[in-house]
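>>> sequence isn't available, so here's the structure alone:
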């Protein structure tokens, strides 16, 4: 089965996430009372724009995420151009993966995107 994974980059100057954290996002075009949690998958500096960004990877699997992905394709500025409210980050890792020589992580489709945040070489088995 193939899942559609979509990356959304968001600029929030005050947010400096750590691996394993998540945020609640509200996309006003989707409804101002609809807040949904998303894991932060990357955090980077864009030198051309002189801004820090964080990314979330969203799998279109339910009504809300299907509508969100459709909106992102229809009007990317509604999603990435400041049309998003951010609350967080929240959470932290229970285990420090860098403290071990080998780590086994069993994860679903979207969580695999977090490996890029850890900068850990991965080998995926299917």
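Yes, it's here. Predicted model only: the values in this text are computed from it and were never measured.
>>> so who does residue 32 touch?
Residue 32 makes contact with residue 26 under the criterion CB atoms under 8 Å, 6 or more residues apart in numbering. Heads up, the C-betas are built off the backbone N, CA and C, glycines and all.
>>> who does the longest strand seen in the chain pair up with?
Determined from DSSP state E, the single longest strand within the chain is strand 35-46. Partners of strand 35-46 in the sheet, by DSSP bridges, are strand 22-26 (antiparallel), strand 51-59 (antiparallel).
>>> for that strand, list every residue counted as buried.
Neighbour counts over strand 35-46 (16 or more other CB atoms under 10 Å) mark 36, 38-43 as buried.
>>> of all those, which comes closest to residue 63?
Distance to residue 63, by CB to CB, is smallest for residue 36 among these, at 11.4 Å.
>>> show me what that closest one is bridged to.
Beta-bridge pairing for residue 36 (DSSP bridges): residue 25.
>>> repeat for residue 42
Those that pair with residue 42 in a beta bridge, by DSSP bridges, are residue 55.
>>> may I ask you to confirm that it is in contact with residue 19?
No. Assessed by CB atoms under 8 Å, residue 42 is found out of contact with residue 19, at 10.0 Å.
>>> determine the longest helix present in the protein.
helix 63-74 (DSSP state H).
>>> how far off centre is whichever helix or strand comes after it?
For helix 63-74, the following helix or strand on the C-terminal side (DSSP states H and E) is helix 76-80. On the basis of CA atoms, centre = their mean, to the nearest Å, helix 76-80 is displaced by 15 Å from the centre of the chain it belongs to.
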